[in-house]
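*Asks:* quick one, what's the 3D model for this:
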Amino acid sequence: SSLKNKEIDKRAILTDDEILQVIGQEAKKRKESITAFESAGRNELAEQERKELTILTDYLPEQLSEEAVRAIVQKIIQDTGAHAATDIGKVMGAAIAELKGKADGGTINKIARDLLA
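*Replies:* Sure thing, here's the model as predicted:
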């Protein structure tokens, strides 16, 4: 339903990248719901969210390991000449573009901040 709503909002057929973006957003919502339901002791609802997440992840590109993301971010830092945490913006811009759909933005940000610290 989220894909259909996005098409209606856009008033055009979605591109493959846009479809992956919507599926990624839905997967992120499921992950957040799982955490919330588990902390509230609602394991049956968390399990339902896990099942939905499994289905969604089948449609997403395979996620890179943290080590692979770290290597790519390290190369981006070298290529951009970033030296300090104040350079996080240009590193994140390049990293998000290169790792789009292959790694979670939060993971990329954490690794970039660690490497720039």
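
*Asks:* give the buried residues for the longest helix anywhere in the chain.
*Replies:* Scanning the chain for the longest helix, with DSSP state H as the assignment, gives helix 16-39. By neighbour count on 16 or more other Cβ atoms under 10 Å, the buried set for helix 16-39 is 20, 22, 23, 24, 26, 27, 30, 33, 34, 37. No exception for glycine: its C-beta is placed from N, CA and C like everyone else's.

*Asks:* how about stretch 101-111?
*Replies:* Within stretch 101-111, the residues that count as buried by 16+ other Cβ under 10 Å are 103, 104, 107, 108, 109, 111.

*Asks:* mind exporting the longest helix of the chain as PDB, just the C-alpha atoms?
*Replies:* Below are the C-alpha coordinates for helix 16-39, written out as PDB (Å, rounded to 0.1, in the frame of the first residue of the first chain):
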ATOM      1  CA  ASP A  16      13.300   1.100  -9.300                       C
ATOM      2  CA  ASP A  17      15.300   3.300  -7.000                       C
ATOM      3  CA  GLU A  18      12.100   4.900  -5.600                       C
ATOM      4  CA  ILE A  19      10.600   1.500  -5.100                       C
ATOM      5  CA  LEU A  20      13.600   0.300  -3.200                       C
ATOM      6  CA  GLN A  21      13.500   3.500  -1.100                       C
ATOM      7  CA  VAL A  22       9.900   2.900  -0.100                       C
ATOM      8  CA  ILE A  23      10.600  -0.800   0.700                       C
ATOM      9  CA  GLY A  24      13.600   0.400   2.800                       C
ATOM     10  CA  GLN A  25      11.500   2.900   4.700                       C
ATOM     11  CA  GLU A  26       9.000   0.200   5.400                       C
ATOM     12  CA  ALA A  27      11.700  -2.200   6.600                       C
ATOM     13  CA  LYS A  28      13.000   0.500   8.900                       C
ATOM     14  CA  LYS A  29       9.500   1.000  10.400                       C
ATOM     15  CA  ARG A  30       9.300  -2.700  11.100                       C
ATOM     16  CA  LYS A  31      12.700  -2.700  12.900                       C
ATOM     17  CA  GLU A  32      11.600   0.200  15.000                       C
ATOM     18  CA  SER A  33       8.300  -1.500  15.800                       C
ATOM     19  CA  ILE A  34      10.000  -4.700  16.800                       C
ATOM     20  CA  THR A  35      12.100  -2.800  19.300                       C
ATOM     21  CA  ALA A  36       9.100  -1.000  20.700                       C
ATOM     22  CA  PHE A  37       6.900  -4.100  21.000                       C
ATOM     23  CA  GLU A  38       9.700  -6.100  22.600                       C
ATOM     24  CA  SER A  39      10.300  -3.400  25.200                       C
END
